[in-house]
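Chemist: Could you look at this predicted model? Sequence included:
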Amino acid sequence: MARAEVDVLQGTLDMLVLKALAWGRMHGYSILSWLRQTTDGELRIEDAALYPALHRMEARGLIEAEWGLSENNRKAKFYRLTTRGRRELRAEAETWTRYVSVIGKVLAAAEQGA
Amino acid sequence: MTNQPRDRESSAPAWRRYLRLRGADVRADVADELEFHIDMIAARHVANGVSPDEARARARTEFGDMERARRLCEDIGAEQERRHEWSELLDSVRKDVRFAVRSLRRAPGFTAAIVLTLALGIGASTAIFSIVRGVLLRPLPYADPARLVRIWEVSPRGDDHNVASIGNYASWRSAAKSFSVMGAHGAPHGVSYVGDGDPTQITVVEATPSLMQTLGARAALGRSFVPDDATGDGRIVVLSHQFWQRRFGLDRGVIGRRLMFNGVPHSVIGIMPEEFEFPAAGVDIWRPVTDDQIDSNERRSHNWLVVARLAPGATITSARAEMRSITGGLAREYPQYMTGYGTNVVAMGDDLVVRVRPLLLVLMAGATLLLVVACANIANLLLARAVSRRREMAVRGALGAARGRLLRQLLTESLVVALLGGALGVGAAAVLTRALLALAPSDIPRLTAVHMDGSVLAYALVSTIVAGLLFGLAPAVRLLAADRFRGQSLQLALRASGDRAGSGRTGPTRSLLLVGELAISLVLLTGAGLLLRSAQRLGRIDYGYRTDGLVTASLDLPHARYDSTARHVQFYDRLLERVSDLPNVSGVAGTTESLGATGETTFSFAVEGRPSRNASGREDPQPLRVVAGDYFRVLGIPLRRGRAFTAADRAGGPPVVIVNESLARLHWPDRDPVGARISLVGPSGPWLQIVGVVGDARTTAADEAAAPAFYMPFAQKRWSWMTWLTLVVRTNGTGDTTSLGSALRGAVRQLDPELPVHRVATVHQLYRESIARRRFATVLSGAFAVAALLLGMVGMYGVLSYGVVQRRREFGIRIALGARAAQVTSVVVREALVLAAIAVAIGSVAALALTRLLSDLLFEVSPTDPATFVTVAALVAVVAGLASWVPARRATRIDPASTIRDA
């Protein structure tokens, strides 16, 4: 597992955050932890990039936020999916899966041709 | 997707719930959130044995560009905040409106009353405004109209709208530096046009080619006049759009065609645009005045209207000063013609409307007052409702609705109902405007510029909103006042279900509004009453002759075929003979006066053996009426002295004139003028002998008093340009113009098939037209006044009914103590009369101050005419009494037992 980290692709961060929140209420730090854990640290996500993304999605009504207490009893801002966010996640995931499979087909064909 | 969380979204937008929790401090929230993240990273490092300081430093590096993240988040937050505020506002407005609509729906009768009342007020004022806008406010349809002026002479008699002599025009044009360009034109007059069908009389204006340049008017098709036309043969015409449409069906091929006007062929060179109406609507063609027609020495006859454009840098004031000095020079140069004359320079826009402005402003004021009365009435209705809603408001207040919130709710309700009324009012205004245009006298200029345009709609909208706020204020103020008793007021309000004599009495406010309403109605009624009395006086004028059964018809002989007085006389003699043989005709005469219209041809004259005090050597000009046939007998103008004209007073015979009594009084106060001689030329003759004195006859506009005038037989006139004559036919019947008109036309056709007969009308019709403006004002202000009075009556009814309900116990006790019905009734009626008396007192004082503005429109009635004031006051009192009748009856039927029990 010593492969180099890959940068998160432009535009996919939102989808990943939505996916993370599909599991339930989380604050920013735990979203990042979950993403890093799930990708075995192979995906490089800058901490600073997460918050503008969260706030943007909140403004779009994909997620909503409230202040609450963290596991270590500190005031933290928790996010969770809205219905719209869930719909968005479903649509994005579907597009992404099709995209990956189409690109996969192209690449597989190229290998055969070579 | 798998793993759907169970909780469902609520309907409110997510960010609103979030914002409520978070408060509004975007920056602090962003800082807190980021700080938490840093702390979490640092905590992880500390757990791995790194020192706290070191851990924090590492966390910051790991986090990345903190400042950028913070800024981005804050921007998003601020944007959200803005959107939120708007949305919150819209949302609450929407809620208020929905609530208002619901509460208005619960009271449909009440809502309808308000909407209709306001629609009446808005409709009337918007309709009048659309006319004011078109006639008074819209700029003239010429290039840079603010720089256009009219130049008039001021006659020695003080008439500052005296038409100019062509010689003066020529002098002004060459001398004045204040104007970049100047043009002159004659008054619109008739010419005969023979197209495909019958000869018709159309309206022509003769204008110097420079006039079009002065106005900056371009043709829509072809060309208008150019300076070169001044040296041409003058046989060209420009058509109005309306004439082009009417006679040629907008056929572009008419350009270049030759049309016959008064028997002379003219080439059509252009068509003016539709909105070009100069000098007034109804002109069919414009014909150029060529330079050789301008006799720069002609200073005796004054019949030109002058228009000029101010030169760059010149103002009306500077132009006036220059014209004064030019006129002074002319008076020194031509003392015999110009002594006593001045000049008058007026902005053209003002000049056009100066005579109708008072009328329109009076009507606008009337409509506005009606709107105010409507608002007062609505405020009263709302106040009555506010009382019955005190419970509702108290409960909502107790449940925590803020005072501002309730206030806004009430105002929203008023505005919603106002907008409904306004919308209906605009619809009513559209209909009313059309009706007004149909009713409006034709001498109001620029009526074709009247449209329901953007500014009219804006006016309606603004007055609707102002009205809504005004009448919404009354219940809102009540709410605030009631608020002072907050706390106890809920209890009171809840308890006071039947009897409302608690802390929220609206009686005084409502009575005050009612008094105001009635006082304004009284002002309107007084104005309308004065106009009505003027109309009455006008209907009873002694014209000085018999107007019944007199029918007139106008003719104008084309100069090309009738170029001498001898020919005119020959034609008209034969025509009079034929007409007198028509059935039902008992007599016929002719005159150069235009009966029933303002404006006459005047001449100055010298009296033999009596040098004039004027430097010109002649007396001030007086109207000269040139008459044919047995004029005085046919009209019934009494002969006071001497003799009337006879068939012997012909060309070649001794020249004679007849004066009327006013002129006789003016110049021969202490002797018989018969036998005296006057001259129209100068102190050395030639002389005309006065052979008779006749009574004064009021033959010009009905509202113009008889003026000094003199008469001359048509057969002895010296002027070949005087080609026109108005036939005056005395009929045996009531004056059926249709059959007589066709008989007249037949008689004319037999003599000259190309000659049109113009304006066949009874003298009564002519007089009615001459006072059309007064009638317009009378009818409209009467309608406003009656509407206001009816509203006042409804308001009175409302206030008294409410008072009776409020004082049920008092009445119940009185009845229980044996008061008779008449006594109970008199209590209510007395209250009505007291209110009416206060209103009459206030209204009469206001009317005394305001009716002066009407003086232009009044006829032989003083603005403070006591009879009118007394009648109107009595009318208001009677109406108040009537309005009190039903509530008074209701008071007598109160069941004492039930009211006393309720207490």
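Modeler: Structure received. Numbering: from 1, shown residues only, chains lettered A, B, ... in the order given.

Chemist: so where's chain A shaky on pLDDT?
Modeler: Residues of chain A that meet the criterion pLDDT under 70 lie in A:1-10, A:110-114.

Chemist: State the helix or strand in which the most centrally placed residue in it lies.
Modeler: Nearest to the mean C-alpha position of chain A, by C-alpha atoms, centre = their mean, lies A:L16 at 1.3 Å. Assigned by DSSP states H and E, A:L16 belongs to helix A:12-21.

Chemist: can you list the residues that contact that helix?
Modeler: With contact meaning C-beta atoms under 8 Å, 6 or more residues apart in numbering or on different chains, helix A:12-21 is reached by A:8, A:26, A:31, A:34-35, A:43, A:45, A:49-50, A:53-54, A:56-57, A:62-63, A:79-81, A:85-86, A:88-89, A:92-93, A:96. (Each C-beta comes from the backbone N, C-alpha and C, glycine too.)

Chemist: Just the buried ones from those?
Modeler: The neighbour-count test (16 or more other C-beta atoms under 10 Å in any protein chain shown) applied to these identifies A:8, A:26, A:31, A:34-35, A:43, A:45, A:49-50, A:53-54, A:57, A:62-63, A:79-81, A:85-86, A:88-89, A:92 as buried.

Chemist: And the strands in chain A?
Modeler: Here chain A has its strands, by DSSP state E, at A:6-7, A:26-27, A:43-44, A:63-69, A:75-81.

Chemist: before we move on, the earlier item: chain center to the helix holding A:L16: distance?
Modeler: Centre-to-centre, helix A:12-21 and its host chain are 2 Å apart (C-alpha atoms, centre = their mean, to the nearest Å).

Chemist: With stretch B:693-707 instead?
Modeler: Worked out by C-alpha atoms, centre = their mean, stretch B:693-707 lies 29 Å from the chain centre.

Chemist: okay, now the residue of the stretch 751-900 of chain B found nearest chain A: neighbour count?
Modeler: Proximity of the stretch 751-900 of chain B to chain A (C-beta to the nearest C-beta) peaks at B:G798, 51.3 Å away. Neighbour count for B:G798, taken as other C-beta atoms under 10 Å in any protein chain shown: 20.

Chemist: Which element, helix or strand, includes it?
Modeler: For B:G798, the host element (DSSP H and E) is helix B:772-806.

Chemist: State the next helix or strand along the chain beyond that helix.
Modeler: As assigned by DSSP H and E, the chain's next helix or strand after helix B:772-806 is helix B:808-816.

Chemist: and the next helix or strand after that next one, what's its mean pLDDT?
Modeler: Where DSSP H and E defines the elements, the next helix or strand beyond helix B:808-816 is helix B:821-850. For helix B:821-850, the mean pLDDT works out to 91.

Chemist: Tell me which stretches of chain A form helices.
Modeler: Per DSSP state H, chain A carries helices over the ranges A:12-21, A:28-38, A:47-59, A:83-113.

Chemist: Select, out of these, the one closest to B:P312.
Modeler: Taking C-beta to C-beta, helix A:47-59 is the member of the helices of chain A nearest to B:P312, at 58.8 Å.

Chemist: Kindly format the C-alpha coordinates of the closest one as CSV.
Modeler: Output of helix A:47-59 as CSV, limited to C-alpha atoms (Å, rounded to 0.1, in the frame of the first residue of the first chain):
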residue,chain,number,x,y,z
ASP,A,47,-8.2,20.5,5.1
ALA,A,48,-8.5,24.2,4.0
ALA,A,49,-10.5,23.2,0.9
LEU,A,50,-13.1,21.4,2.8
TYR,A,51,-14.8,24.3,4.5
PRO,A,52,-15.6,26.5,1.5
ALA,A,53,-17.0,23.4,-0.1
LEU,A,54,-19.2,22.7,3.0
HIS,A,55,-20.4,26.3,3.2
ARG,A,56,-21.2,26.4,-0.5
MET,A,57,-23.2,23.2,-0.3
GLU,A,58,-25.0,24.5,2.7
ALA,A,59,-25.9,27.7,0.7
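
Chemist: Tell me if that helix is near chain B.
Modeler: Yes. For helix A:47-59, a contact with chain B is found by C-beta under 8 Å from any C-beta of the partner chain, at A:D47, A:A48, A:A49, A:Y51, A:P52, A:H55, A:R56, A:E58, A:A59.

Chemist: which of those residues sit farthest apart?
Modeler: A:D47 and A:A59 (20.2 Å).

Chemist: more neighbours, these two?
Modeler: For A:D47 versus A:A59, neighbours defined as other C-beta under 10 Å are more numerous around A:D47 (21 against 15).

Chemist: Tell me how far that one lies from B:I842.
Modeler: A:D47 sits 78 Å away from B:I842, going by C-beta to C-beta, to the nearest Å.
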